[in-house]
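Colleague: Turn this into a structure:
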Amino acid sequence: MTSALAGRLTEEGHRLEVRVYFEDTDFSGVVYHARYLHFLERGRSDFLRLKGIGHRELMSGAFGAPMAFAVRRMELDFLRPARIDDVLTVTTTTRQLGGARILLDQRISRGEELLIEAKVKVAVISPEGKPMRMPPRVLEVLAPAGAE
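Modeller: Residues are numbered from 1 along each chain as shown. Reported below is the predicted structural model:
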């Protein structure tokens, strides 16, 4: 079942389990800092996928005009290292939606131990890379938990 690969939606947002492999680490078995970006991207992509907003559907115009999401800004706090064979949890929550942007909070943890905190600003763009407004249907699907 491929949906199990995409993690799961929660009341707050999304959770995805990822294992640290040899390819994710440096010579000492510690996760190389840039690999966390891969884990965070998987979390965001699977969050959208489970919400019914796949990248293919966005680009095909299934929600109105063809569009895509692009990371505009990211702020990362590296709190503790992950190591080879660790199982990490990537959580993604929508903090705020605007007409042409989404603000997401992401965290990577090992059990109860917080390793990474990220604040991500995602822009809505046309296939040509120009900013555009988010279709109402997408806004509705991505509204933060508890938003009216």
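Colleague: only C-alpha atoms for contact and neighbour calcs from this point on.
Modeller: Noted.
Colleague: what's in contact with stretch 43-50?
Modeller: Surrounding stretch 43-50, the residues in contact under the criterion C-alpha atoms under 8 Å, 6 or more residues apart in numbering are 3, 6-9, 13-16, 54-55, 90-92.
Colleague: And the helices in this structure?
Modeller: Assigned by DSSP state H, the chain shows helices spanning 35-50, 55-60, 136-142.
Colleague: Tell me the buried residues in the longest one?
Modeller: Within helix 35-50, the residues that count as buried by 16 or more other C-alpha atoms under 10 Å are 36, 39, 40, 42, 43, 44, 45, 46, 47, 48, 49.
Colleague: Export these as a markdown table, with columns for distance to residue 83 and pLDDT.
Modeller: Shown next, in a markdown table, are these (distance: C-alpha to C-alpha, whole Å; pLDDT from 0 to 100):
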| residue | distance to residue 83 | pLDDT |
| --- | --- | --- |
| 36 | 12 | 98 |
| 39 | 14 | 98 |
| 40 | 16 | 98 |
| 42 | 18 | 97 |
| 43 | 19 | 97 |
| 44 | 22 | 97 |
| 45 | 23 | 95 |
| 46 | 23 | 96 |
| 47 | 25 | 96 |
| 48 | 28 | 93 |
| 49 | 28 | 92 |
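Colleague: Show me which of these is closest to residue 113.
Modeller: Checking the buried residues of helix 35-50 against residue 113 with C-alpha to C-alpha, the nearest one is residue 36 at 15.5 Å.
Colleague: I figured residue 13 hits residue 94, correct?
Modeller: Yes: shown here, residue 13 and residue 94 form a contact pair, counting by C-alpha atoms under 8 Å, at 6.9 Å.
Colleague: Next, the angle from the longest strand anywhere in the chain to helix 35-50.
Modeller: If each strand of the chain is counted by residues according to DSSP state E, the longest one is strand 113-125. Strand 113-125 runs at 60 degrees relative to helix 35-50, counting by axes from the mean of the first three to the mean of the last three C-alpha atoms, to 10 degrees.
Colleague: Many thanks, we can stop here.
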